[in-house]
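Undergrad: No sequence on hand, only this structure:
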């Protein structure tokens, strides 16, 4: 009897040990498989550039038909068609694209070697447009290049676009000082109305029949200060007539508004510039509209070999 109990106890002990070892093995195997699955998954790192910036690169390269420093901010298909006449290799964009996007196209001009480029980035001061230069001592292709970059500003709608240009482009922008300006705004549910003067300056950069205008205008008094800080590109006809099909109104007009259209004129001697602004048709009820006019005189001398008006 004692021997039977002893054998029974030994068998139970072995059974318990085997069960514990099996449980441990299964547990370890499950943990190992889980660890392998986790290791196989790629680490998800947020793309900081796309998640914090509305900029999308449409095209870039080192050879463009535009061989002078030039920059354009285009909000409509008609003006973009004129830009394509300067460089037919730019991407084709339809009217649907311009319903919610604007294009910034920056051309560096000719350089004697490779290694140069254009950088366009979003920043606190606006869209920065910079020239990238080759580092000292770095070997570069010995060939003439004309770098460019074209980007889309997604979802800008009627928001103003301000460019922070480096000296490569700014030295090509003569300045016109406002000599007279006035603007009126009205609309809204309560039928608001306001009139105010405008002062400030305009800079211009042109390539062929396409010209870009830097508006830095201010008006209003007290708590109702108004401003137009905006870059807009349009066309210049042979007689000096300027057409800007679409630009923002910035704070010249209360929101909601549909932005502005502008027509203007550049004198034959390039020393006088004028614009008439009028609101684009409203797309919603109880919106705001405005209209105005400015005149400006040239303050800085033009670049002798590249006049604005030809």
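TA: Happy to help now that I have it. Since the model is a prediction, treat every value here as computed from it, not as a measurement.

Undergrad: Relative to the whole chain's centre, how far out is the one helix or strand residue 243 maps to?
TA: For residue 243, the element it lies in under DSSP states H and E is strand 241-247. Centroid separation for strand 241-247 versus its chain: 19 Å, with C-alpha atoms, centre = their mean, to the nearest Å.

Undergrad: Kindly check the end-to-end length of stretch 202-213 for me.
TA: Terminal residues of stretch 202-213 are spaced 7 Å apart (C-alpha to C-alpha, to the nearest Å).

Undergrad: May I have the residues that are in contact with the residue nearest the centre of the chain?
TA: The chain has residue 153 as the residue nearest its centroid, 3.9 Å off, counting by C-alpha atoms, centre = their mean. Going by C-beta atoms under 8 Å, 6 or more residues apart in numbering, residue 153 touches 54-55, 101-104, 127, 161. The C-beta positions use only the backbone N, C-alpha and C, and glycine is treated the same way.

Undergrad: Next one: it from residue 259, what distance?
TA: Separation of residue 153 from residue 259 (C-beta to C-beta, to the nearest Å) stands at 14 Å.

Undergrad: cool, residue 166 as well?
TA: Separation of residue 166 from residue 259 (C-beta to C-beta): 28 Å.

Undergrad: Check residue 281 too.
TA: The gap separating residue 281 from residue 259 is 10 Å, by C-beta to C-beta.

Undergrad: Who has more neighbours out of these two?
TA: residue 259 (20 against 8; other C-beta atoms under 10 Å).

Undergrad: Isn't the more buried one up against residue 278?
TA: No. Under the criterion of C-beta atoms under 8 Å, residue 259 is not in contact with residue 278, lying 10.5 Å apart.

Undergrad: Please enumerate residues in contact with stretch 119-135?
TA: Counting by C-beta under 8 Å, 6+ apart, 52-55, 57, 71, 104, 106, 108, 113-118, 140, 147, 149, 151, 153, 161-166, 168-169 sit against stretch 119-135.
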